[in-house]
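A.B. asks: Below is the sequence, then the predicted model.
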Amino acid sequence: MEREIHLKTIVCEVVTGHPPGYWRETFGKRVRDVLSSPDLLVYSQCLETAHALVNGGVAHEAQLRAILTASYGGAAAGAAKP
């Protein structure tokens with residue numbers, strides 16, 4: 001369970017540029033409740049990729065973030081506007 005939460009935190013930060021707490025504080029909702037449908041699809045794809053990378057042996061967070069950022073970095077940045 002902790003791994004899942006940690007991966008979702010990384011994905012949130014990569015895709016939106018903000019940690020999960022930002023979404024709760026700004027909108028009073030979870031990030032997945034704020035994202036548009038297209039952005040939610042990107043979030044889901046990034047999370048699936050994160051799981052695949054971890055299961056494939058990527059153990060270092062910095063490496064995981066770098067790989068995810070290359071494909072998904074800021075992909076839902078429009079959602080960051082309150």
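C.D. replies: Thanks, I have it.
A.B. asks: give me the low-pLDDT residue ranges for the chain?
C.D. replies: For the chain, applying pLDDT under 70 flags the ranges 77-82.
A.B. asks: Within the helices and strands, which one has Pro38?
C.D. replies: Pro38 is part of helix 37-55 when elements are defined by DSSP states H and E.
A.B. asks: for that helix, packing partners?
C.D. replies: helix 2-16, helix 31-34, helix 61-72 (3 or more Cβ pairs under 8 Å, 6 or more residues apart in numbering; DSSP states H and E). Where C-beta positions appear, they are placed from N, C-alpha and C, glycine not excepted.
A.B. asks: Same list, those, but as JSON lines with distance to Val54 please.
C.D. replies: Putting the helices and strands packed on helix 37-55 into JSON lines (distance: least, Cβ to Cβ, whole Å) gives the following:
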{"stretch": "helix 2-16", "distance to Val54": "7"}
{"stretch": "helix 31-34", "distance to Val54": "20"}
{"stretch": "helix 61-72", "distance to Val54": "7"}
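A.B. asks: could you redo those as JSON lines and give each row mean neighbour count?
C.D. replies: Shown next, in JSON lines, are the helices and strands packed on helix 37-55 (neighbours: other Cβ atoms under 10 Å):
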{"stretch": "helix 2-16", "mean neighbour count": "18"}
{"stretch": "helix 31-34", "mean neighbour count": "18"}
{"stretch": "helix 61-72", "mean neighbour count": "14"}
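A.B. asks: tell me which residues of the helix holding Pro38 are tucked away?
C.D. replies: For helix 37-55, a neighbour-count test (16 or more other Cβ atoms under 10 Å) marks Asp39, Leu40, Val42, Tyr43, Cys46, Leu47, Thr49, Ala50, Leu53 as buried.
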